[in-house]
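Asks: here's a sequence, model it:
(one chain, ligands or ions: 2)
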Amino acid sequence: MTPDPADAGSGVTAASELDLLAARLVDGSINGGPVEKAVDLERIERAVREILIAVGEDPDRDGLVKTPERVARAYAELFAGLRVDPRRVLRTTFEADHEEMVLVRDIEVFSLCEHHLLPFRGVAHIGYIPNEDGRITGLSKLARLVEVYARRPQVQERLTSQIADLLESQLGARGVIVVLDCEHMCMEMRGIRKAGARTVTSAVRGILRSDSKTRTEALTLINSR
Ligand SMILES: Nc1nc2c(ncn2[C@@H]2O[C@H](COP(=O)(O)OP(=O)(O)OP(=O)(O)O)[C@@H](O)[C@H]2O)c(=O)[nH]1
Ligand SMILES: [Zn+2]
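Replies: Ligands and ions are numbered 1, 2, ... in the order given. As a prediction, the model looks like this:
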């Protein structure tokens, strides 16, 4: 593979499969720029082997021999967002002369809660009102932004506000609304064991916070089916 010229001088080359995965989160290509942090796969493997021993399993039995390696690769994928600067997602913007609301609904969310490292999943609804220049971003970038922040150890509240904050600061959106509706496996499979409970979080910024009419319009669009 030819190294990305953007990596020159960074000391890190986006060469491995996992680096490409991190890059793809951002722009769908291999030209993702420098990878911020490396994943120590061998260290994860050693830790997973220890966990298997600690729970009373035999890590050398046939079915488990390759498990530490598989888990290491899975974690590298699930936490690929740690290795990506989310600002790179919003590099591409367009002048569209559109100053009205843009809303993408039902964006799939998969993340891992930072307390138990168990999955939570659901949907994100993201709306924003462009600034006076009518500067917008590609619709897919909103979903990519969700990916970059979700593929980290997270709490739902922070995931929600990080998406809103970046759209406000990076895109200069006049207003932003982000609503996440998720189910947490740590509440379903263990602990309190309440299957089906949904957690809804929102982050509202700018004009969507100060102007209740605009906010109601956004919520109506989010809730319309
Ligand atoms: N606010 C918030 N809490 C979360 C999220 N994901 C998991 N949690 C909660 O994190 C909390 C951790 O609480 P602790 O008391 O430290 O851990 P625990 O003993 O495993 O808690 P239980 O789940 O109640 O058994 C639990 O109440 C989880 O439900 C999240 O995204 N946001
Ligand atoms: Zn949890």
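
Asks: the longest helix anywhere in the chain and ligand 2 in contact?
Replies: Ranked by number of residues, the top helix in the chain under DSSP state H is helix 156-171. No. Using CB under 5 Å from the ion, helix 156-171 stays clear of ligand 2, with a minimum separation of 9.8 Å. Where C-beta positions appear, they are placed from N, C-alpha and C, glycine not excepted.

Asks: model confidence over whichever helix or strand comes after that helix, on average?
Replies: Later in the chain than helix 156-171, the nearest helix or strand by DSSP states H and E is strand 175-184. Strand 175-184 comes out with an average pLDDT of 98.

Asks: swap in stretch 216-224?
Replies: In this model, stretch 216-224 has an average pLDDT of 93.

Asks: how distant is the longest helix of the chain from the center of its chain?
Replies: 11 Å (CA atoms, centre = their mean, to the nearest Å).

Asks: packing partners of that helix?
Replies: With contacts taken as 3 or more CB pairs under 8 Å, 6 or more residues apart in numbering; DSSP states H and E, helix 156-171 sits against strand 102-113, strand 119-129, strand 135-137, helix 139-150, strand 175-184, strand 199-206.

Asks: what residues does this protein have near ligand 1?
Replies: Selection of the chain residues close to ligand 1 by CB under 6 Å from any ligand atom yields 113, 115, 155-157, 184, 186-187, 191-192.

Asks: out of the residues you listed, who's nearest Val123?
Replies: Distances from Val123 to the residues of the chain next to ligand 1, taken as CB to CB, are shortest for Gln156 (11.9 Å).

Asks: just checking, that closest one touches Arg198?
Replies: No. Contact criterion CB atoms under 8 Å: Gln156 and Arg198 do not qualify, at 10.5 Å.

Asks: re the thing from before, include distance to Val39 when you put the helices and strands packed on helix 156-171 into CSV, please.
Replies: Listed next are the helices and strands packed on helix 156-171 as CSV, based on distance: least, CB to CB, whole Å:
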stretch, distance to Val39
strand 102-113, 15
strand 119-129, 19
strand 135-137, 28
helix 139-150, 15
strand 175-184, 25
strand 199-206, 28
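
Asks: okay, and the common contacts of Gln156 and Arg198?
Replies: Both Gln156 and Arg198 are contacted by Cys182, under the criterion CB atoms under 8 Å, 6 or more residues apart in numbering.

Asks: more crowded one of those two?
Replies: Gln156 (20 against 9; other CB atoms under 10 Å).

Asks: skip the chain neighbours and tell me the closest residue to the more buried one.
Replies: Leaving out its chain neighbours, the residue that sits closest to Gln156 by CB to CB, 6 or more residues apart in numbering is Thr201, at 5.0 Å.

Asks: Leu112: neighbour count?
Replies: Around Leu112 there are 21 residues (other CB under 10 Å).
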